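K.L.:
This is a predicted model, with the sequence first.
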Amino acid sequence: MVKYRILPGRFTDDGAPYDPANLTGLAGRIRLNAAVDPGAGGDPSLMRDGLGATAAGPTADGTLPRAMLDALTAAGGVTAVPGLPPTLSFAQTAIGMIELTALGRVSAEANVASFSNTREILARAEAETIGVDTDAELQALIQIEQAFAANVQVIQTASRMLDQLMAL
């Protein structure tokens, strides 16, 4: 049984080959392969000639970059994305996915705004239903105070009358 070793391409997943099973956080881990990165001691001509090139090709040879561009702009060959026509090129599909994401974001923001307004309306209605009417409560308090004062007068008068009756 022959085992194949998968090598990283021009872009790596933190230096390792791309692993389709580990998509979460890929945008933060994607890196330029050190073999082609001049900042890491790599040879940028490998970007043009291919990572397996043993010697640099002519500097004016754009065959590989042109083939890569053609692959990105060729119609079809991309897995169909819900909401997009299946005949799009890779680049068109990427643009379409960005547009779909933006539309989804705008829709979600509109929903959040609507839900926020509804929440505020319901909170006001709840406050009106459960809340205290301070004017009515103060009026009731004044009436209770007046009734208490009147009762005190009645009790004092009755007490004086009883005192006078007892004195007789």
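P.N.:
Received the coordinates, thanks.
K.L.:
And the helix or strand hosting Val112, what does it pack against?
P.N.:
Assigned by DSSP states H and E, Val112 belongs to helix 90-130. In terms of contacts (3 or more Cβ pairs under 8 Å, 6 or more residues apart in numbering; DSSP states H and E), helix 90-130 is packed against helix 63-73. Bear in mind the C-beta positions are built from the backbone N, C-alpha and C, glycine included.
K.L.:
Now do the residue lying closest to Asp19 once chain neighbours are set aside against Pro44, distance only.
P.N.:
Nearest non-adjacent residue to Asp19, counting by Cβ to Cβ, 6 or more residues apart in numbering: Asp13, 6.1 Å away. Distance of Asp13 to Pro44, given as Cβ to Cβ, to the nearest Å: 21 Å.
K.L.:
the domain parsing of this protein - what is it?
P.N.:
1-50, 74-133 (automatic domain parsing).
K.L.:
In terms of mean pLDDT, which of those domains ranks lowest?
P.N.:
With a mean of 80, domain 1-50 has the lowest mean pLDDT of the domains of the chain.
K.L.:
What is the distance between it and the centre of its chain?
P.N.:
29 Å (Cα atoms, centre = their mean, to the nearest Å).
K.L.:
Neighbours of Asn33, how many?
P.N.:
18 (other Cβ atoms under 10 Å).
K.L.:
cool, Met47 as well?
P.N.:
For Met47, the neighbour count with other Cβ under 10 Å is 20.
K.L.:
Who are the contact partners of it?
P.N.:
For Met47, the contact set (Cβ atoms under 8 Å, 6 or more residues apart in numbering) comprises Arg10, Val36, Pro65.
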